[in-house]
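A.B. asks: Sequence plus the predicted model coming up.
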Amino acid sequence: MRGTITLHTSNRLELLADRLAAEMARPLSNPLAQEVIVVQSRGMERWLAMALAERLGVWANCRYPFPNALAWEAFRAVLPEIPEENPLAPERVSWQLMELIPPLIGEPAFSPLAHYLADDPGGLKLYQLASQVADLFDQYTLFRPDMLDGWETGRDCDRCRWQAILWRLLVGRAGARHRGSLLREFCRTMTGSTPLPAGLPERIAVFGIPALPQYHTEILAALARRIEVHLFLLNPCSEHWFQIVSEGEKSRRLVRTGTVGSDAYLECGNPLLASLGRQGRDFFDLLYDSAPLDEGEGGSFVAPRSDRLLHRLQGDILSLVDATELRGERPQIAPDDHSLQVHSCHSPLREIEVLHDRLLALFEEHPGLTPRDVVVMIPRIDEYAPYISAVFGGGEERRSIPFSIADRSVTGAGSLVRAFLTLLDLAESRCGASQVLDLLAHPAIARRFGLSNDDLATVRRWVTESGIRWGVDGEDRGREGLPPFGENSWRAGLERLLLGYALPGDGLTLYRDILPYDDLEGSEARLLGGLVAFTDALFGLKEAFARPRRPQEWAGYLLTLLDRFFSVDERLLGEQTQLTAACADLARGEAAGFTGLLGPAVVRSWLNRQLERDKGLHGFLGGGVTFCAMLPMRSIPFRVVALVGMNDGLFPRQNRPPGFDLMAAAPRRGDRSIRDEDRYLFLEAILSARDCLYLGYVGQSSRDNAILPPSVLVSELLDYVERSSMIAGVPEAGQREAVRQRLVTRHHLHPFHPAYFREGTGRLLSYSTENCRAAQTRQQGGEPAGFLDGLPLPLPVDLPETIPLERLIAFLRSPAEHFLRNRLGIRLEQVAAPMEDREPFVVVGLDDYFLANELVEQLLLGNDPARLEPVFRGRGLLPPGGQGRIAFGKLRARAEQFTRQVAPLVAQEPLHPLDAALSAGGHLLAGRIDGIWPAGLVRYRCARLKARDLLSLWVEHLVLNAAAPPGYPLRSRLVMRDVSRSFAPVPDAAGQLAKLTELYLQGLCAPLPFFPETSLALCHHPDRPDKAVAIWSGSSHSRGEGEAPAFDRCFGSNDPAGLCASPECGELAMAIYGPLLASLEEGA
C-alpha cells in the first residue's frame, strides 16, 4: 500500500524468503527493470539469490545494494545536483582534515590537539587523528544531524569546540550538505505531487537487516509514499517484547537515576531475549514509533518442536517465556540430546581439531546432514584460518570434510598484499638478514628474480657465511644515527660474494681490503645474479621511499614497485587487482582536497587500513562447511551453526570510543553500540540453528591447565539452561552442576589422549586413526611401534667386508646416532640456529672455537697472526671497530699460549701417513692416519677436553700400534687447552680393535647404551652413579648428554638412574674405557 512500509516479520528467515518470493513473483510494469533488494552483507546476498532461484525457478536481473548505497542513489534520483559520490564521505573528509588541521593548531580551541600533534615529523599522528575524526563526523551525519545543523548556524558546544570549527570549514570547502540535511529535503520532495523521478525503482525490498538507524527508516518511509517498500525482518519473538528490560539494565538505570521509578515494574520476559536482544528491541520500538507500517497478514511465526534443548530455548524466546520460573518439574535434557554443545579447549588449534571430530559425529548421527548445512562463525577468522586449512585440508582422506573460508582479509599471512606491505615496511627498517630473506622467499618475488625454492637455501647459506647481518652499508647506518661502519652490512657481504665469483680465493687473501667468498661455483652465477638484482632493487627502494610525495605520485610509484618486485601468476591476479584499486584510491587524495606531501609512514598506514577492510568475496556457501567472520552469515539458517573462538574479552566486543566522541558523552536511544550488535548477533545464531548450536572457546590454559572463562554470552546462555532444565536421576542440589557437565565438554591438551579412544568416555571421541595409534602407544608406554620394537635386528645382508676407520670412530662417539643413521636411515639433525640480525659484539660459541684453532694452525706454520685480523674482520666474525681489535687480541693470546704447548711436539718433519688395512673380527678395518711425528701421533684442539676426543685418538692409537712399520713411534699424544693426555704402547692392539669391531657390529643391530661422557663417569666413579646421572640429566644452566637428539630418541624414556645403574651400561663402559684408561701414561 502506497504511503506505508509493508512489514513482514518472522522468526525464520526461510519464511521471510517465501514471502519475498511471493512479492517478487508479481511482475514489475517494465519487464526489463531491475529488482532492488537491500541487504547487509554479501553472504546474505548469496543465500537470498539461491533461495529465490529455488523458489521461483529462475532468478536474475536483481541488484543488492547496502543501505548507505541505496540512500545515496535515492538522493541522486530525487534531488538536483547531487554528485555521484558523497563529498563528505569519511575517506574524502580524512584527506581534507589533514589539510585543515595544521594551520589551526595554534588557535585556543585546538589546544587539546596541539599536545598530541607536537611530535609528529612524518605526519602519521595527523593522519590517524584525521581518520578518526572523519569516521566520527560520518556517524554524526547518521545519529546527530541536529547537532551538525547547530554547528553550521554557529551554535557550538563548549565541549570539543574544535570539532564545530572543523565541520564548518569542511562544509564550506566542499560546498555540500551532510546526509541529515539531504534527508530533510528528500522527505519534503517526496511528499509533493511531482512526477515520480525516473531514477527510482518501482519496488524496493529490505531483507534480513537486524537493525537500521532512524536515518534509513525515514528514507524508506519517504520512498514508501511514491513506490512499494517492503521490509523483511527477523523477529525473535511473536509477543510484544519491545518494552522488556534485563535485570542488568534495570540495575544500571537504578544506579544512573538513583531512584526506583517505573523501570522497576518493567517485565524481563525471557532473560535471554532481554539480555541479548537490546539492539533489536530498540530498533523495533523506534520503527513502530516513527515509520508508517502496514503489517498486512501479520507475522509468520512457527514454533519449533520441543523435544530438543535447542528447540526449547528457541520456543521460550518466541513465546517470551521465562522457563526458569516455571512451576513443577523442569524439562529434562535427554542423554542423546546433542542440540546444544559447548566445548572447552586449550588452544585455537585444538578448537578446530575438536570441531572437525564433532562434525563427523553429527554427520554420522544425522544421515541427511551435509557439509553445506554447516556454518562456522569466528570473531577472528584470520587468526584461525591457518588452523582451519591444516585440520580440514589435511589428514586422512576418509575423514575429509569439504570447506571454504570466506571473509578473510587480503592482508593475511602469505598473501601478495601482505608481501607488498612487508616490502614497504622493509624500506624503513634496518634490513635485517632474516627479514630480507623471508621477503625474498615469497613465491611471487622469488619468481620475479629467477629463484626457486631450492635456490633459496643456497642463498640463505651465502648470506650467513658472508657475514651479512643488517644495514645496506655504512652510510645507511649513519642515517640511523649509528657509527657508519660497513662490517656485516649487505654491501660488504655482496662484495665478498661477487669477488668470490670473479676471483679464485683461498680464504686468506684480501683484494682491496675485501675477502672474497671462496665457496661459490661458476654454475651458481644465476643465483648470485638474482640475489644481487633483488638487493639492488630493495636498496633503491629504501633510498627512494623516504622522499615525501603527493598522493598521485605515490600511487604511480607504488604500482611501479608492484611490477618491479612481483611476478604475478593467475592465482594472484585478484590480489593484484585489489592492490591496484587501493593505489587508485590513494591517487584520489588530491581530488578530495589534499594538496600537501605525504611521508612514507602515512602511506604505509593508509594502505594497511584500506586493504584490511578489503575482504575476499569468495567462499560463501561454496558447497562445503562455510567458515567466516561473525557478520556475513548472521541470521542465515543452517542445520548446524557453530561459533568458535567464544573467548572471554573477545566477544562481544567492547565500545571504546575516542575521548572526543560527543555521542558517547550524551547517548540516545538508537545509537550504535558494538557491544549490543554482538549480543544480538549471538541471539540470531541461537535462532538460526535448526539441529545443533555448537559453541567452542579456549577454556583451559595450555601452560598449567588453569580454567579460563568463556565469553559472557556463553555464560549467560549456560546460566539460563542450568536454571530451566534438569538431568534425570540427579538430586535437586546438584542439578545445576549436572546440567553444566552435560553441556560443557572439557577436552584434553592433545588429540591423542587415550580418553578419546576408550568406550564409555561420553562425549570425548575421535575419528583419527593416526591419533588412535599414538594413544595406544602412549598407553602401552615406550617408543612408537616399529621404531625400537623388535630389536635386535639381524646384520645387514649387504654389510661390506671393509669397515672404514672413520666409521668405527663415529660409532664410538655416538652408538645411538650411528644405529639411527646407518640402519634406520634416520637423521636427527640439530635445529638450525636462527639467522643473526645484529652485528657481533663479542666472539663466542663456534666462531670463537674455529677462529682460535685457525690462529693456532697459522702460528704453527710460522705465519704472522696479525695478518689474520683483517681476514677475520672481512668474514664478518669480529665486532666492529675497537671491540674487534680487543676480541682479536684475546683470541691471539689464547692461541699463542696453546701453540707453545703444541709446537715442540710437531717441530720436526712429520712421518709419512700410515695406510692401514687390518683384520679385525672377521672384517677388514681400513683407513689412513696422518699427523704422525717422530714424537708420536699428535692430536690437538684449542678447546676443553671431551670424552669423544679420547675415544677418537684411542682408535687411531690402536691402529698405529697394530699396523705401524718398524721405526714408527707407538705413543700418542692429545693436547687440549685445559689438559694433555698420552697413550703408552699397546701390545695387544689388534685384539682390542677386534673387540671394538665386534661392538660395532652389535651396534648395527641395536643402539648400544654407551654414552661417552656418562660412561666415562661410571668408570671413574663406579660407586657414585649419581655423578653419571648428573652428566646425563644436566642442570638448569647446562645441557645433559641425554638431551642429544639421538640419545634422547633411543633412551630418553628411560629413568636416568635406572639407565646408569643397568649392568649393560656399566659393562659397555668398562669394555670400551677399561683398556683406554689402562693405557694412559702416568702424569698424563
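C.D. replies: Okay, I see it. Numbers count the residues shown, from 1 in each chain.

A.B. asks: hmm, which helix or strand of the protein has the shakiest average pLDDT?
C.D. replies: Lowest by mean pLDDT, DSSP states H and E among the helices and strands of the chain is helix 247-257, with a mean of 60.

A.B. asks: following that helix, which helix or strand shows up next?
C.D. replies: Following helix 247-257 in sequence order, the next helix or strand is helix 271-276 (DSSP states H and E).

A.B. asks: Which other helices and strands does the helix or strand following that following helix contact?
C.D. replies: Proceeding N to C from helix 271-276, the next assigned helix or strand is helix 278-290, under DSSP H and E. Secondary-structure packing of helix 278-290 (3 or more CB pairs under 8 Å, 6 or more residues apart in numbering; DSSP states H and E): helix 214-224, helix 674-688. (C-beta placed from N, C-alpha, C; glycine too.)

A.B. asks: Swap in 10 Å and give it another go.
C.D. replies: If you count contacts as 3 or more CB pairs under 10 Å, 6 or more residues apart in numbering; DSSP states H and E, helix 278-290 packs onto strand 5-10, helix 214-224, strand 228-234, helix 271-276, helix 674-688.

A.B. asks: Check the average confidence over it, would you?
C.D. replies: Averaged across helix 278-290, the pLDDT comes to 90.

A.B. asks: before we move on, what about stretch 190-202?
C.D. replies: 83.

A.B. asks: now do stretch 967-977
C.D. replies: Per-residue scores along stretch 967-977 average to 94.

A.B. asks: in that stretch, what counts as buried?
C.D. replies: 968, 969, 970, 971, 972, 973, 974, 975, 976, 977 (16 or more other CB atoms under 10 Å).

A.B. asks: element containing the first one?
C.D. replies: Meaning residue 968. Using DSSP H and E, residue 968 falls outside every helix and strand.

A.B. asks: Also residue 184?
C.D. replies: helix 179-190.

A.B. asks: so after that helix, what's the next helix or strand?
C.D. replies: Next in line after helix 179-190, if elements are assigned by DSSP H and E, sits strand 203-207.

A.B. asks: quick one: strands adjacent to that next one?
C.D. replies: Strand pairing for strand 203-207, determined by DSSP bridges: strand 35-38 (parallel), strand 228-234 (parallel).

A.B. asks: Quick check on residue 489: phi, psi?
C.D. replies: Dihedral pair for residue 489: phi -90, psi 170, per degrees, to the nearest 10.

A.B. asks: Tell me how this structure divides into domains.
C.D. replies: 5-82+184-236+277-301, 90-175, 312-408+619-660+670-749, 416-612, 786-833+896-1008, 1009-1084 (automatic domain parsing).

A.B. asks: Tell me which of the ones you listed lies nearest to residue 876.
C.D. replies: Ranking those by proximity to residue 876 (CB to CB) places domain 416-612 first, at 1.8 Å.

A.B. asks: Quote the end-to-end distance of the closest one.
C.D. replies: 13 Å (CA to CA, to the nearest Å).

A.B. asks: Same question for stretch 294-308.
C.D. replies: End residues of stretch 294-308 are separated by 35 Å (CA to CA).

A.B. asks: Go through it and flag the buried ones.
C.D. replies: Buried, per 16+ other CB under 10 Å, within stretch 294-308: 299, 300, 301, 304, 308.

A.B. asks: can you check stretch 665-679 too?
C.D. replies: 670, 671, 673, 676, 677, 678, 679.

A.B. asks: residue contacts, the third one?
C.D. replies: When contacts are counted by CB atoms under 10 Å, 6 or more residues apart in numbering, residue 673 is found next to 278, 279, 282, 652, 653, 655, 664, 667, 679, 680.

A.B. asks: Tell me which two of the residues you listed sit farthest apart.
C.D. replies: Across these (CB to CB), the longest gap, 19.5 Å, separates 664 and 680.

A.B. asks: Among the two, which residue is more densely surrounded?
C.D. replies: A count of neighbours by other CB atoms under 10 Å puts residue 680 above the other of residue 664 and residue 680, at 25 against 15.

A.B. asks: quick one: the more buried one and residue 209 touch, right?
C.D. replies: No: using CB atoms under 10 Å as the test, residue 680 is too far from residue 209 to be in contact (11.6 Å).

A.B. asks: which residues are common contacts for the two?
C.D. replies: What both residue 680 and residue 209 touch, as defined by CB under 10 Å, 6+ apart, is the set 283, 635.

A.B. asks: ok, and what's touching stretch 26-37?
C.D. replies: With CB under 10 Å, 6+ apart as the criterion, stretch 26-37 contacts 20, 23-24, 44-45, 48-49, 52, 59-65, 70, 73, 200-208, 227-228, 230, 232.

A.B. asks: Mind listing what's buried along it?
C.D. replies: Quick answer for stretch 26-37 (16+ other CB under 10 Å): 35, 36, 37.

A.B. asks: pLDDT (mean, whole number) over that stretch?
C.D. replies: On average, stretch 26-37 scores 92.

A.B. asks: swap in stretch 1044-1064?
C.D. replies: 84.
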